[in-house]
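S.K.: A predicted structure for the sequence below; I have some questions about it.
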Amino acid sequence: MDLLLIGGTQFVGRALVEKALERGHKVTMFNRGKTNPDLFPEVERIIGDRDGDLEKLGDRTWDAVIDTVGYFPRVVKASADYLKGKVKQYVFISTISVYDLEKLQPNGKEDSPLAALEDPTVEEIRGDTYGGLKVLCEQAVTDAFPDSYLIVRPGLIVGPYDPSNRLPYWIGRMDKGGDVLVPDIFDQPVQFVDARDLASFTLDHTEKGTSDIFHVTGPDTVLHFGDVIEASIKAADANVSLKKAAPAWLIENEVQPFSEMPLWVPPDATPEAFMGVDVSKAIGAGLTFLPLQQTIEDTLAWIRSLDGKAPGNAGLAPEKEAALLAKLEE
């Protein structure tokens, strides 16, 4: 296939380009050339900002476009409208955050109620706007390509090159060893998908020309926070002493769920729904999963290649963790 990638050099885009090249596809990347500009020197790159430089794509045609970096409906609409007649299929990487969290139920399916923005013209990504913006981006794609859209809704995306430091925080922290502060939520369900599994599934259905919407997260069994911690300790093979703290105590001490303690979903967010969407449709359509231990070990190898300094803002600052450990000991 002849593929156009909007993005293509960071995390999900990187995984998609790697998998596409492995499968023998021809790839053109359209991006600003600012992130990993030396990556994939063998791939044609059109340098431009999708918000204003679409004419740089000219009148060329591709079998499909895969949009990995669509956040604002106005910009996605412009891309979809410009590419009508130039691509046969529009593939949009969205998110499971598109749902109205107050109405989302455990094992929610792809037709669950969607989030709605009070101001649909807002162009600021915040916790209260991110999902609604993605909903409108999806609508822009389906309006322009009503019979040839593929909407992929991943959960948390993990694996090597993860720029968020969410799962890498726990893996890297276990690798440092010593006393580790953890929320006492070892039975809380957790869902995430390795970027490589996401890329494989997306390409499978791009090749087939599928027009549909899928939850793409995992695994195919119930995974708990404790399973992730145990697998991280096993991969690190370090001397670790877990210091469990009650969620209420952490909140009292101004620890932020999910940002400072990644994967911890506060109870008022209903973890069983937020981390428990139904993935049976995607599994039935061929979604497969790398083993958890492989994802963690590959991510650890990447973290170690960076001298333990993974990118991203998630995670607890070492000095704050030390102060909290001392307070917990008291």
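M.R.: Looks like it came in fine. Residues are numbered from 1 along each chain as shown.
S.K.: helix, strand or coil for Leu181?
M.R.: At Leu181 the chain is in strand, as set by DSSP: H, G, I helix; E, B strand; the rest coil.
S.K.: what does Leu150 give?
M.R.: strand.
S.K.: So what pairs up with it in the strands?
M.R.: Beta bridges link Leu150 to Val91, Asp212 when assigned by DSSP bridges.
S.K.: show me the contacts for it.
M.R.: By CB atoms under 8 Å, 6 or more residues apart in numbering, the contact list for Leu150 reads 89-92, 202, 205-206, 210-212. For every residue, glycine as well, the C-beta is placed using N, CA and C.
S.K.: same deal with Thr35?
M.R.: Counting by CB under 8 Å, 6+ apart, Thr35 makes contact with 9-10.
S.K.: Relative to Pro73, how far out is it?
M.R.: 23 Å (CB to CB, to the nearest Å).
S.K.: how far out from the middle of the chain is stretch 211-228?
M.R.: Distance of stretch 211-228 from its chain centroid, counting by CA atoms, centre = their mean, to the nearest Å, is 12 Å.
S.K.: in it, what's buried?
M.R.: By 16 or more other CB atoms under 10 Å, the buried positions in stretch 211-228 come out as 211, 213-219, 223, 225-228.
S.K.: One more: stretch 246-260?
M.R.: 247, 250, 255, 257-258, 260.
S.K.: about what we covered before: of the contacts of Leu150, select the buried ones using a ChimeraX command.
M.R.: Selection of buried members from the contacts of Leu150 for ChimeraX, criterion 16+ other CB under 10 Å:
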select :89,90,91,92,202,205,206,210,211
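S.K.: Relative to Asn239, which of the contacts of Leu150 is nearest.
M.R.: Using CB to CB, Thr202 comes nearest to Asn239 of the contacts of Leu150, at 40.0 Å.
S.K.: Show the contacting residues for the closest residue to that closest one other than its chain neighbours.
M.R.: Spatial nearest neighbour of Thr202, excluding adjacent residues (CB to CB, 6 or more residues apart in numbering): Val152 at 5.5 Å. Taking CB under 8 Å, 6+ apart as the criterion, Val152 is in contact with 91-94, 198, 201-202, 214, 216.
S.K.: What pLDDT does the model give Val152?
M.R.: Note for Val152: predicted pLDDT of 98.
S.K.: next helix or strand past whichever strand or helix holds Arg153?
M.R.: Taking DSSP states H and E as the definition, Arg153 sits inside strand 149-154. Per DSSP H and E, the first helix or strand lying C-terminal to strand 149-154 is strand 156-158.
S.K.: ok, back up a step: among the buried residues of stretch 211-228, name the ones in helices.
M.R.: Applying DSSP state H to these, the entries found in helices are 225-228.
S.K.: Tabulate those residues (CSV), appending pLDDT.
M.R.: Formatted as CSV, those follow (pLDDT from 0 to 100):
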residue, pLDDT
Phe225, 98
Gly226, 98
Asp227, 98
Val228, 98
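S.K.: I would like the residues contacting the helix or strand bottoming out on mean pLDDT in the chain, please.
M.R.: Least confident helix or strand of the chain, by mean pLDDT, DSSP states H and E, is helix 271-274 with a mean of 91. Helix 271-274 is contacted by residues 101, 104-106, 108, 185, 188-189, 265 when judged by CB under 8 Å, 6+ apart.
S.K.: which of the residues in that helix are buried?
M.R.: Here helix 271-274 shows 271, 273-274 as buried, counting by 16+ other CB under 10 Å.
S.K.: Just the closest of those residues to Asp194, please.
M.R.: Checking these one by one against Asp194 (CB to CB), the nearest turns out to be Phe274, at 19.3 Å.
S.K.: Glu138 versus that closest one, what's the distance?
M.R.: Following CB to CB, the distance that separates Phe274 from Glu138 is 19 Å.
S.K.: try Thr35
M.R.: From Thr35 over to Glu138 (counting by CB to CB), the distance is 24 Å.
S.K.: Just the ones in helices from the buried residues of stretch 246-260, please.
M.R.: Per DSSP H, these map to helices at 247, 250.
S.K.: quick check, nearest of the contacts of Leu150 to Glu55?
M.R.: Tyr90 (18.4 Å).
S.K.: list the contacts for that closest one?
M.R.: Tyr90 is in contact with 64-65, 67, 80, 83, 141, 144-145, 148-150, counting by CB under 8 Å, 6+ apart.
S.K.: make it 10 Å
M.R.: Taking CB atoms under 10 Å, 6 or more residues apart in numbering as the criterion, Tyr90 is in contact with 4, 64-67, 76, 79-80, 83-84, 140-142, 144-145, 148-151, 211.
S.K.: what does Val135 give?
M.R.: Here Val135 is in contact with 73, 94-95, 97-100, 114-117, 120 (CB under 10 Å, 6+ apart).
S.K.: which phi and psi does it have?
M.R.: Taking degrees, to the nearest 10, you get phi -60, psi -50 for the backbone angles of Val135.
S.K.: returning to what we had before: Thr28: which of the contacts of Val135 is nearest?
M.R.: Here the nearest of the contacts of Val135 to Thr28, counting by CB to CB, is Ser94; it sits at 22.1 Å.
S.K.: which of the contacts of Val135 lies closest to Gly159?
M.R.: Nearest to Gly159 among the contacts of Val135, with distances taken as CB to CB, is Thr95, at 16.4 Å.
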